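Trainee: Prediction below, plus the sequence it came from.
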Amino acid sequence: QKEVEQNSGPLSVPEGAIASLNCTYSDRGSQSFFWYRQYSGKSPELIMFIYSNGDKEDGRFTAQLNKASQYVSLLIRDSQPSDSATYLCAVNPTNTGNQFYFGTGTSLTVIP
Amino acid sequence: DAGVTQSPTHLIKTRGQQVTLRCSPKSGHDTVSWYQQALGQGPQFIFQYYEEEERQRGNFPDRFSGHQFPNYSSELNVNALLLGDSALYLCASSSGLRANTEAFFGQGTRLTVV
């Protein structure tokens, strides 16, 4: 089984707060992890990827990976109303080349 | 630099018909993957093409088939359409087959089967 689990939400945060999005995965050998943002009716847009344990920062976004716990998260600092979207966690499991398994996504609403 | 382009953007078909969706990958990319995204769900992997061959396939019936052309563009064909095939079909473009490779999505084709 190569499952990816996310809380579907909705998650609501006030403008300027930190939004924390979480994802767990079942395949222990998974190698790479991606966060996509999807606005309603649009296609997924790549935000960040992470391959190694620890934190990776890109502007207001920080991805955190803990392979021992099979857990990856995305933090959005200084959340803006334009961040309101569904966030998809994608995992590249073992021996699947660059095939992705996606979670169902977490809906985030940033309240002005 | 053109990103991933898909056509058409919307399509309405009748049960039992056949449909062909098209994708042109991002410049410099040679691998095309197709995903199906039902409403409220995450994308599900259909198959992947590299060097004009199907390299990986997800859990989809043989009614779903594809092709890749020498210019790396790709087609997804679905035969004998069912109501349950209604979804957003996404094409993802990447380089090569190795893991740890970013993939970029086209705008998708919204297929409605009536």
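Mentor: Structure received. Numbering: from 1, shown residues only, chains lettered A, B, ... in the order given.

Trainee: how about whichever strand or helix holds residue A:91, does it get close to chain B?
Mentor: In this structure, residue A:91 sits in strand A:85-92 according to DSSP states H and E. Yes: using CB under 8 Å from any CB of the partner chain, strand A:85-92 reaches chain B at A:88, A:90, A:92. Where you see a C-beta, it was placed from the backbone N, CA and C, and this is true even at glycine.

Trainee: Surely the last one is in contact with residue A:99?
Mentor: Just to be clear, that refers to residue A:92. Yes: with contact defined as CB atoms under 8 Å, residue A:92 reaches residue A:99; the gap is 7.0 Å.

Trainee: Note down every partner strand of the strand holding residue A:91 and its orientation.
Mentor: Strand pairing for strand A:85-92, determined by DSSP bridges: strand A:32-38 (antiparallel), strand A:101-102 (antiparallel), strand A:106-111 (antiparallel).

Trainee: Please state the offset of the first one from the chain centre?
Mentor: Right, strand A:32-38. Strand A:32-38 sits 5 Å away from the centroid of its parent chain (CA atoms, centre = their mean, to the nearest Å).

Trainee: cool, and the second one?
Mentor: Using CA atoms, centre = their mean, the distance from the centre of strand A:101-102 to the centre of the chain it belongs to is 11 Å.

Trainee: The residue of chain B at minimum distance from chain A in helix, strand or coil?
Mentor: Nearest residue of chain B to chain A (CB to the nearest CB) works out as residue B:42 at 3.3 Å. In terms of secondary structure, residue B:42 is coil; the call rests on DSSP: H, G, I helix; E, B strand; the rest coil.

Trainee: Identify the bridge partners of the residue of chain A found nearest chain B.
Mentor: Here the residue of chain A nearest chain B is residue A:102; by CB to the nearest CB that distance is 3.3 Å. For residue A:102, the beta-bridge partners are residue A:90 (DSSP bridges).

Trainee: I figured it was touching residue B:36, is that so?
Mentor: No: between residue A:102 and residue B:36 there is no contact under CB under 8 Å: 10.9 Å.

Trainee: what residues are shared contacts of the two?
Mentor: Residues touching both residue A:102 and residue B:36 (CB atoms under 8 Å, 6 or more residues apart in numbering or on different chains): B:43, B:44.

Trainee: Quick check: chain neighbours aside, which residue is closest to residue A:13?
Mentor: Nearest residue to residue A:13 in three dimensions, chain neighbours excluded: residue A:19, at 4.8 Å (CB to CB, 6 or more residues apart in numbering or on different chains).

Trainee: so how far is the strand holding residue A:91 from its chain's centroid?
Mentor: In terms of CA atoms, centre = their mean, the centre of strand A:85-92 is set 5 Å apart from its chain centre.

Trainee: ok, now which ones touch the residue nearest to residue B:83 when sequence neighbours are not counted?
Mentor: Excluding the flanking residues, the one nearest residue B:83 by CB to CB, 6+ apart is residue B:113, at 5.3 Å. Neighbouring residues of residue B:113 by CB under 8 Å, 6+ apart: B:12, B:13, B:14, B:15, B:17, B:81, B:82, B:83, B:84, B:85, B:86.

Trainee: give me that answer again for 7 Å
Mentor: By CB atoms under 7 Å, 6 or more residues apart in numbering or on different chains, the contact list for residue B:113 reads B:13, B:15, B:81, B:82, B:83, B:85, B:86.
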